[in-house]
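S.K.: dropping the sequence and predicted coords here.
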Amino acid sequence: MADAVGAAVLSGVAASPGLAVGPIALQQGQRIERRKVGRPDEERNVLSAALAAAAAQLTALGEAAHDDVAAEILEFQLALLDDEDLIGPILAAVSAGQPAHQAWVTAIDREIAEYEAADDEVFRARGTDLADLRDRVLRSMAPGLAPSVSVGQECAIYADEELTPSRFLEIDWSRYVGAAIKGGSAAGHVALLARARGTPLIVGLDGAFAALRDGALAVLDAEQGRLILEPSPDTLAQTRRRLSIRAAQAEATAWFLAEPAVTGDGQRVHVYVNVDDPALLDNLDPAHCDGIGLTRTEFLFHGRQLPDEEQQYQVYCRIIDWAAGRPVIVRTLDAGGDKPIAGLTVDGETNPFLGLRGLRLSLARPDVFRIQLCALARAAPRGRLKIMLPMVTEPRELEAVRSLLAEVVHDLQTAEVEATTAPLGMMVEVPAAALTAAAFAADFYSIGSNDLVQYVMAASRDNPDVAPLYDAGNPAVHELIGRVVEVARARGVEVSLCGDMASDTAHLPALLSLGLRRISVTPAQLGPVKAAIARWPQKH
C-alpha cells in the first residue's frame, strides 16, 4: 500500500493509541549462536552466574517499576529463577557435560511450548515472558552479544523484530515517540505496558518489517495501525495538523482539571481517580479530583514476601493523607484471573477468571485477608476511608467480611490500638450480583465495567479473536448498569463506575443517561472526562 506519491504504507495492529512523526531507529539485534564451552564445573559456574545476574537485573527493574502490570511480569520471571523444579535439572544436565547455553535453552523452550499450547489466553501470553527470561540469561552468559541500540536519534520511532516486557522497561522512552514491532500482540504484556505509559505502539508488521530502513522518516499512526515510510509533504502536513489539533484539545481540556465536573444543565458529577501505585500520586494534584474511587492493592503483593500489616498500613496512610479529606476507596486484594501472585493464587486452574479469585480467594486465605483488614481498620481513623470487595457473587460473602471486619476492629481496640470500622462496599462485576443488587446490604456499590462486560458478553478483554464481542456499549451491559443505579437510588446509597468504560468519553453520554453521577477514571483522563461531562446533554 502507498500514499498519494508512492510512499510505503505498512499495515500492523494498533496496540497502544497515538500519533507521531520521526526517523526509524532500527534495532540490530544479535542472536547468541556459539560461545566457548568449558569444563562441566566451569559451565555450571557460567550458568549460575548468568542466573544471578539476570535476577539482579530483574530486581532492579522491579524496584524502578511504577505499576502493577510491570511488577507482576517481573515477579513471574524472578519466581522462575527461584524454582528448584526448573533450575535443578538444568544444573544437573550441565554438571553431566551439556553446555550451559544448550541446557538452558532446551529446558526453557520446552516450558515455552507448554505455555503456548495452553487454551487460556493468559497462559499463552506467558510464553513471551519466558522467552524474555531465556534471552536475558543467554545475554548474561555472553554480554558482548547484547542487542545494540541506535544512538543519537532523539524523538525517533523504535523499531525491532520483537520487544520483550523487561526490554520495554529498560528503554528510555523519552528518546522515542513510539514503537513499531514485527511481531507481538495487542493483548500481550508489552502492549499493556505501552498503554499504561501512553507510548504509541504498532505490532504485527510481520513481513512488511523488512521494508524498514534505519533513519528513514516515518509517520507512526497507532490509531489506524499504519506506519507510513518516507511520507509525502501532503501526508506530513496532514499529520502535523492532526498533532496540532490534539495539542489544542489537550490544552482546552486542561482548564477543566481544577474545576468541579458539572453537566451542561448544571448537574454535579463526582469524578474520582484510579490508583494502581501510590507513586502516581506524586504528580497529581488532589484538588483535580473528588477523591480516589479505586485503589488497587495488588501492587503491594508483588514482592518475594507477602506484605505485613505495618507495610500495608503505612501505604494506606500515605494515600489517605494525599487525598486531604476526600474519600478514598481501597479495594481489597483482587488476585487471580490474569493477576497471579506467587505463593497465594492457585496454579493451573482450568479457567482462572471463573476460579478462586478476588474475594473468593481472600475468604479462602483468612490468614492473609485478616492482615489486610487490620491495616485498613487502623488506617480508617486517619480520613474518609472506604473498603471495597472485589468479585462479590452472593450476599453471604459480604456478610462474612462484615463479621470478620467487626472481629478485627474489636481485637485491635481490645489491644488498645486505634481502629474503626470503615464503610464496606462491593464491586458489581458478576452478572448475578448486578441482577440481585438489592439483596446485598452494601454501604455502597462500585460497578467494575471491565469484568462486568467480560462476563456479560462471555468474551475475554485480552483475546483479540473475540474482541468484537467485548462491547461495553451492548444493551445488555447498559441494562445491568441501569439496574444497579436504580437499586442504589432506592436504598439511598452511593453508586459509582470504574474501569475502562469510565475513562472512555464515548461511553459517558450513555452512563450519564443511566443516572450515574460518580465515576472513577485514570489520572490522564481527568481533563477529557470533565470536558465531556460539561458538554452533556448536547443541545439540538
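M.R.: That came in fine, so what should we check first?
S.K.: what residues go with each domain of the protein?
M.R.: 9-29+147-239, 40-145, 252-534 (automatic domain parsing).
S.K.: residues contacting Phe76?
M.R.: Phe76 makes contacts with Arg126, Asp129, Pro340, Ala342, as judged by Cβ atoms under 8 Å, 6 or more residues apart in numbering. Glycine gets a C-beta too; all of them are placed from N, C-alpha and C.
S.K.: repeat the analysis, applying 10 Å as the threshold.
M.R.: Leu58, Arg126, Asp129, Leu130, Asp132, Leu133, Pro165, His189, His302, Pro340, Ile341, Ala342 (Cβ atoms under 10 Å, 6 or more residues apart in numbering).
S.K.: switch the residues you listed over to CSV; also include distance to Arg110 and secondary structure.
M.R.: What follows is the contacts of Phe76, written out as CSV (distance: Cβ to Cβ, whole Å; DSSP: H, G, I helix; E, B strand; the rest coil):
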residue, distance to Arg110, secondary structure
Leu58, 21, helix
Arg126, 14, helix
Asp129, 15, helix
Leu130, 10, helix
Asp132, 16, helix
Leu133, 14, helix
Pro165, 21, helix
His189, 21, helix
His302, 27, coil
Pro340, 21, coil
Ile341, 25, coil
Ala342, 21, coil
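S.K.: among the domains of the chain, which comes closest to Arg246?
M.R.: domain 9-29+147-239 (6.9 Å; Cβ to Cβ).
S.K.: show the end-to-end separation of the closest one, please.
M.R.: Using Cα to Cα, to the nearest Å, one end of domain 9-29+147-239 lies 14 Å from the other.
S.K.: before we move on, back to that, rank the domains of the chain by pLDDT, which is bottom?
M.R.: When these are compared on average pLDDT, domain 40-145 comes out lowest at a mean of 80.
S.K.: how far is that one from where the chain is centred?
M.R.: Offset of domain 40-145 from its chain centre (Cα atoms, centre = their mean, to the nearest Å): 23 Å.
S.K.: repeat that for stretch 278-291.
M.R.: 19 Å.
S.K.: buried set for it?
M.R.: Pro278, Leu280, Leu281, Leu284, Pro286, His288, Cys289, Asp290, Gly291 (16 or more other Cβ atoms under 10 Å).
S.K.: between those, which is nearest Gln224?
M.R.: Using Cβ to Cβ, the buried residues of stretch 278-291 come closest to Gln224 at Leu280, 29.6 Å.
S.K.: measure Ala252 to Thr263 for me?
M.R.: Counting by Cβ to Cβ, to the nearest Å, the gap from Ala252 to Thr263 is 18 Å.
S.K.: neighbour count: the two, which is higher?
M.R.: Thr263 (17 against 12; other Cβ atoms under 10 Å).
S.K.: what's the closest non-adjacent residue to that one?
M.R.: Once flanking residues are discounted, Thr263 sits nearest to Trp536: 5.2 Å by Cβ to Cβ, 6 or more residues apart in numbering.
S.K.: got it, and Arg518?
M.R.: Nearest one to Arg518, counting by Cβ to Cβ, 6+ apart, is Ser496 at 3.7 Å.
S.K.: A helix includes Leu193, no?
M.R.: Yes. According to DSSP: H, G, I helix; E, B strand; the rest coil, Leu193 belongs to a helix.
S.K.: please consider this matter closed, and thank you.
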